[in-house]
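Asker: Need a 3D model of the following:
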Amino acid sequence: MSAFAHDFPFDPTYGYDLDALLQLQAPEGPSDLADFWRATYREARAVPLNLSVRPLPSPHPGTDLFEVHYDSLGGRRIGAWITVPHGQRLQRGMVVGHGYGGRECPDFDLPGPECVAIFPCARGFHLSQGDGLPNDAARHVITGIASRETYIHRGCVADYWGAASALLSLYPEAAGSLHYMGTSFGGGIGAMTLAWDERFVSGYLCVPSFGNHPLRVQCPCAGSGEAVRQYVQQHPETLEVLRYFDSASIARHIRIPVLCDCALFDPAVPPPGQFSVHNALGRPKELMVRQAGHFAHPGEAAEEARSRARLDRWLHEH
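Answerer: Below is the predicted model:
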């Protein structure tokens with residue numbers, strides 16, 4: 001039974017308690033999963049950045065703000081913001097992913113030690129809008145889904161690799177201490193980003209999406225997964241493509257410390273998918289469990305405060 005009163009036509013726990021969630025296994029990826037992604041990484045890194053940088057007025061005292069644009073896979077021009085603590089000696093960098101609604105502005109209050117941070121907008125969203133790409137999750141998530149080469153999530157991962165390249169190009173002193181944090185869409189795409197890019201030294205994946213697609217397409221939800229579920233019902237062959245974009249299968253290939261923040265109740269990103277990502281991670285890893293994700297609930301503010309405090313400690317430890 002769900003822990004919270006709700007009006008969804010499904011149970012956002014999907015019948016799983018914590019013990020059951022911790023027993024879930026990631027699906028086996030295709031035999032050429034690593035080959036596909038390593039080739040994609042090489043292709044993406046070979047794209048010249050053609051980096052442009054524009055200073056912006058900063059609304060936050062003590063932080064300099066820049067808008068940057070760079071080229072990414074497939075000729076896409078990607079936009080991002082960079083925040084730089086004014087007058088600080090910076091030796092840490094952070095790539096910050098966004099949810100499946102994009103990002104309208106950077107975050108000036110990141111946890112952890114002072115760092116230079118880049119906030120990329122994945123292709124189709126905000127600073128990276130245009131070229132006919134949809135900017136809503138339901139259409140975005142099925143764009144190009146007919147093949148692994150054209151699926152938009154392949155490009156989104158490349159966009160985040162490009163963000164790391166842009167940051168390190170401008171602030172090479174952050175090399176050797178590059179971190180990642182992302183929530184929901186940014187959690188799932190983040191797992192795909194971290195698995196193949198050795199420049200990152202730690203990651204934080206909060207309520208990560210796109211995990212365990214075979215199970216996920218059986219779970220009605222209020223997030224982007226519903227568009228995928230309905231598409232797969234009409235095109236079951238799509239599951240073969242999705243095997244290459246399963247954040248749980250891919251999480252097996254991550255070799256750096258990861259803090260995973262998963263919810264027991266989540267109407268947008270089914271918890272079985274989230275925990276499948278965590279369970280597949282190698283060591284060292286750490287799990288935080290929240291009562292609910294993507295859902296306003298009593299005690300939410302206190303839960304967020306606890307999560308932030310643990311993340312702050314994690315970032316200081318790593």
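Asker: Please identify the buried residues of stretch 89-103?
Answerer: For stretch 89-103, burial by neighbour count (16 or more other C-beta atoms under 10 Å) applies to 90, 92-100, 102-103. In this view, the C-beta of every residue, glycine as well, is placed from N, C-alpha and C.
Asker: Can you get me a residue count around A227?
Answerer: By other C-beta atoms under 10 Å, 18 other residues sit near A227.
Asker: And the pLDDT for it?
Answerer: Note for A227: predicted pLDDT of 98.
Asker: That one belongs to a helix, doesn't it?
Answerer: Yes - A227: assigned to a helix according to DSSP: H, G, I helix; E, B strand; the rest coil.
Asker: quick one: which of the buried residues of stretch 89-103 is nearest A44?
Answerer: Taking C-beta to C-beta as the measure, A44 lies nearest V95 of the buried residues of stretch 89-103, at 14.0 Å.
Asker: Angles on the backbone of that closest one, please.
Answerer: phi -100, psi 130 (degrees, to the nearest 10).
Asker: List the beta-bridge partners for it.
Answerer: I118, Y180 (DSSP bridges).
Asker: quick one, what contacts G101?
Answerer: By C-beta atoms under 8 Å, 6 or more residues apart in numbering, the contact set of G101 is 125, 137.
Asker: That one and P12: what is the separation?
Answerer: 19 Å (C-beta to C-beta, to the nearest Å).
Asker: got a list of what A146 touches?
Answerer: Shown in contact with A146 (C-beta under 8 Å, 6+ apart): 235, 238, 241.
Asker: Which ones among these lie within helices?
Answerer: 238, 241 (DSSP state H).
Asker: of the contacts of A146, buried ones?
Answerer: Among the contacts of A146, those buried by neighbour count (16+ other C-beta under 10 Å) are 238, 241.
Asker: Let me know the closest of the contacts of A146 to Y180.
Answerer: Nearest to Y180 among the contacts of A146, with distances taken as C-beta to C-beta, is V241, at 24.8 Å.
Asker: re earlier: mark which of the buried residues of stretch 89-103 are part of helices, please.
Answerer: Among these, no member is found in helices (DSSP H).
Asker: tell me the two of these that are most distant?
Answerer: L90 and Y100 (30.0 Å).
Asker: My guess is A174 contacts L90. True?
Answerer: Yes - using C-beta atoms under 8 Å, A174 is in contact with L90, at 6.5 Å.
Asker: Overlap in contacts, these two.
Answerer: 115-116.
Asker: For the residue sitting furthest away from the middle of the chain, give its distance to P61.
Answerer: Centroid-distance maximum for the chain: G87 at 30.0 Å, with C-alpha atoms, centre = their mean. From G87 across to P61, the span is 12 Å (C-beta to C-beta).
Asker: swap in L205?
Answerer: Per C-beta to C-beta, L205 is found 31 Å from P61.
Asker: Compare those two (neighbour count), which wins?
Answerer: More crowded of L205 and P61, by other C-beta under 10 Å: L205, with 33 against 7.
Asker: who does that one bridge with?
Answerer: G182, C260.
Asker: Can you give me every residue that contacts it?
Answerer: Contacts of L205 by C-beta under 8 Å, 6+ apart are 182, 187-188, 190-191, 258-261, 277-278.
Asker: Can you report how many residues lie near the closest residue in space to R308 that isn't next to it in sequence?
Answerer: Nearest residue to R308 in three dimensions, chain neighbours excluded: P111, at 5.5 Å (C-beta to C-beta, 6 or more residues apart in numbering). Neighbourhood size, P111 [other C-beta under 10 Å]: 18.
Asker: Compute the distance between P111 and P57, please.
Answerer: Noted for P111: a distance of 25 Å to P57, by C-beta to C-beta.
Asker: Show me where the stretch 151-300 of the chain has its strands.
Answerer: With strands called from DSSP state E, counting those that start in this stretch, the stretch 151-300 of the chain shows them at 178-183, 200-206, 258-265, 285-292.
Asker: Mean pLDDT added to those strands, as JSON lines?
Answerer: Listed next are these as JSON lines, based on pLDDT from 0 to 100:
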{"stretch": "strand 178-183", "mean pLDDT": "98"}
{"stretch": "strand 200-206", "mean pLDDT": "97"}
{"stretch": "strand 258-265", "mean pLDDT": "98"}
{"stretch": "strand 285-292", "mean pLDDT": "96"}
